[in-house]
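[1] Sequence first, predicted coordinates after that:
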Amino acid sequence: MSIAQEFKSFAMRGNVIDLAVGVVIGAAFGAIVTSLVGDVIMPVIGQLTAGVDFSKAAFVLKAASEDGKTPAVLLSYGKFIQTVINFIIVAFVIFLVVKGINTMKKAEAAAPPPPPPGPTNEEKLLMEIRDLLKKS
């Protein structure tokens with residue numbers, strides 16, 4: 001099998017396509033959560049903490065040069081706090097999704113199997129013929 005054929009069979013498997021769709025949706029979800037945290041949650045937290053803008057919160061490790069040629073060296077802990085909040089939200093949502101899927105699987109497994117289907121008309125006719133032949 002050539003490398004092109006092997007790659008084609010690998011790329012066309014269902015799991016790879018499912019994974020690709022999951023990555024794309026995950027990236028879009030990550031952007032939504034980043035916006036939620038940066039644009040909705042952090043401004044509220046900033047107002048609760050006397051107007052602190054966490055996205056700009058940082059320790060100055062080295063001040064910028066007076067001539068403006070060398071920028072300041074900052075330890076941006078506010079951005080880190082936002083990233084941690086992003087992670088917590090994403091992890092919690094993934095937890096809820098996995099928990100929901102597991103609950104559905106348990107409910108599906110606990111449901112009794114459907115009763116076997118009854119005999120078809122053809123089978124009923126054959127059983128009648130069989131019974132008549134046994135009697136004669």
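    That came through, no problem.
[2] which residues of the protein fall in strands?
    Taking DSSP state E to define them, one finds strands in the chain at 59-62, 73-75.
[3] winner for burial among those strands?
    strand 73-75 (a mean of 13; mean count of other Cβ atoms under 10 Å). C-beta here means a position set from N, CA and C on the backbone, and glycine is covered the same way.
[4] between the strands of the chain, which gets nearest to I32?
    I32 sits nearest to strand 73-75 of all the strands of the chain, at 27.6 Å, using Cβ to Cβ.
[5] What mean pLDDT does that closest one get?
    Mean per-residue pLDDT for strand 73-75: 89.
[6] Likewise for stretch 10-20?
    Per-residue scores along stretch 10-20 average to 74.
[7] One more: stretch 45-65?
    Here the average pLDDT along stretch 45-65 is 80.
[8] got the buried residues for it?
    46, 54, 57-58 (16 or more other Cβ atoms under 10 Å).
[9] try stretch 100-112
    Quick answer for stretch 100-112: no buried residues (16+ other Cβ under 10 Å).
[10] Stretch 31-50 now?
    Using 16+ other Cβ under 10 Å as the test for burial, stretch 31-50 gives 33-34, 37-38, 41-42, 46.
[11] P119: which of those is nearest?
    Once Cβ to Cβ is applied, the member of the buried residues of stretch 31-50 that ends up nearest P119 is V33, at 56.0 Å.
[12] Between the buried residues of stretch 45-65, which sits nearest V16?
    So of the buried residues of stretch 45-65, ranked by how close each gets to V16 (Cβ to Cβ), first place is F54, at 39.2 Å.
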